[in-house]
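K.L.:
Below: sequence and its predicted model.
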Amino acid sequence: MSAAFPAALLPPQLHVFVRDWLSANNILLKSRDGHVLIDSGYVRHAPLTLALLAGARGLGDAPLAFLVNTHCHSDHVGGNAAIVRRYGCPVAVPAAEAPLVERWDQKALLYDYCDQQIERFAVDHVLPAGTTHVWGELEWQALAAPGHDMGALVFHNAEHRILISGDALWEHGFGFVMPPEVDPEALPATRATIEMLAGLDIRIVLPGHGEPFTDVAGALDRARKRIVAFEADSLRVARHALKVNLMFALLDQQRMRLDGMPAYVARVGLYRDFNALFFRLPPARLAELLMGELEKAGAARRSGDWLVPSAGDAP
Ligand SMILES: [Zn+2]
């Protein structure tokens, strides 16, 4: 965990490895009964995930007993296969996600459909919503948190009032949501999940991305405002989904050729389908629109022949 968040607010057996937007945070729950890890990052970062786990703040030489995922998007399960190879531990995923993983539905799981990389892994246990689990000597209730991912779970510890929220709630928003034309359940479920979380007693949120935070009311308020804006304009929902997916691809690839962008949005399923449904633009114009959005947000810029994350220069 970075210096920005006082670790003293958390029980000592709980450690958060704050990662980035390409890799979800990893939460380690230590116990004499066996150490448990929640979420494993993106496949490209698997070597770093293993190094963090084996480090002084991690397991050292100790074994890992159990790997749990909040949901099965590529940035949360990308290290699963590598961790299983290293530690031989079983993997548990939300019960609603397990059939998708078992049949390796790369469209529903948003893997190749969104041009995201992944190493295949197997499910050993399923976690039904409403069940309680003792991890790190703490009791965690698994709660259904559909919306961004319709099968996602969050984990709530009532004693210390901690929420492990995955992508259901961040300090500033939540993971992208499918527009009503694609999944009519997604936005209503997102709203219901935020209201469910508002009914829990939470002191600290350990989100899937970003630092742990304590201004829970503020985060819920921002989430509600975003939902209201999304409900008023499904084109905005669609544009947001494409924008964040393109940013993810850019972070993954580090740079993308500008002259390859029209072919990219014509080839990758999510962009192709959303363009047909919402935008109906020539691929070059859709690519231009999305790159413009990333530039406007200060997330990316053009450098020579390349689109690059704003922090990076084309080599
Ligand atoms: Zn996600």
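P.N.:
Alright, I've got the coordinates.

K.L.:
residues touching Pro47, list them.
P.N.:
Contact analysis of Pro47 by Cβ atoms under 8 Å, 6 or more residues apart in numbering lists Ala82. Where you see a C-beta, it was placed from the backbone N, CA and C, and this is true even at glycine.

K.L.:
Show the pLDDT at it.
P.N.:
Per-residue pLDDT puts Pro47 at 97.

K.L.:
Next: the one 3 residues further on.
P.N.:
Note on Leu50: pLDDT of 98.

K.L.:
Which positions within the helix or strand it falls within qualify as buried?
P.N.:
Using DSSP states H and E, the element containing Leu50 is helix 46-54. The neighbour-count check on helix 46-54 (16 or more other Cβ atoms under 10 Å) flags 46, 49-50, 52-53 as buried.

K.L.:
Mind giving me the packing neighbours of the next helix or strand after that helix?
P.N.:
Using DSSP H and E, the helix or strand that follows helix 46-54 in sequence is strand 64-68. Applying 3 or more Cβ pairs under 8 Å, 6 or more residues apart in numbering; DSSP states H and E, one finds that strand 64-68 makes contact with strand 35-38, helix 80-87, strand 91-94.

K.L.:
Repeat the analysis, applying 10 Å as the threshold.
P.N.:
Packing partners of strand 64-68 (3 or more Cβ pairs under 10 Å, 6 or more residues apart in numbering; DSSP states H and E): strand 26-29, strand 35-38, helix 80-87, strand 91-94, strand 125-127, strand 132-135.

K.L.:
Give me the sheet partners of the longest strand that the chain contains and which way each runs.
P.N.:
Looking only at the chain and at elements set by DSSP state E, the strand with the highest residue count is strand 138-144. Here strand 138-144 is paired, per DSSP bridges, with strand 132-135 (antiparallel), strand 153-157 (antiparallel).

K.L.:
how far does the helix holding Leu50 sit from the chain's center?
P.N.:
A distance of 18 Å separates the centroid of the chain from that of helix 46-54, by Cα atoms, centre = their mean, to the nearest Å.

K.L.:
and the angle for that helix with strand 64-68?
P.N.:
130 degrees (axes from the mean of the first three to the mean of the last three Cα atoms, to 10 degrees).

K.L.:
now for the helices and strands packed on strand 64-68, which one comes closest to Ala276?
P.N.:
strand 91-94 (30.4 Å; Cβ to Cβ).

K.L.:
The closest one close to the ion?
P.N.:
No: using Cβ under 5 Å from the ion, strand 91-94 never reaches the ion; the gap is at least 11.8 Å.

K.L.:
Any buried residues in that strand, and which?
P.N.:
Buried residues in strand 91-94, defined by neighbour count with 16+ other Cβ under 10 Å: 91-94.

K.L.:
picking up where we left off before, flag every buried residue along the longest strand of the chain.
P.N.:
By neighbour count on 16+ other Cβ under 10 Å, the buried set for strand 138-144 is 138, 140-144.

K.L.:
nearest to Leu220, of the residues you listed?
P.N.:
Once Cβ to Cβ is applied, the member of the buried residues of strand 138-144 that ends up nearest Leu220 is Leu143, at 15.0 Å.

K.L.:
do you know how far the closest residue to that closest one other than its chain neighbours is from the ion?
P.N.:
Distance criterion Cβ to Cβ, 6 or more residues apart in numbering; nearest residue to Leu143, sequence neighbours excluded, is Val154 at 5.3 Å. Distance, Val154 to the ion, using Cβ to the ion, to the nearest Å: 12 Å.
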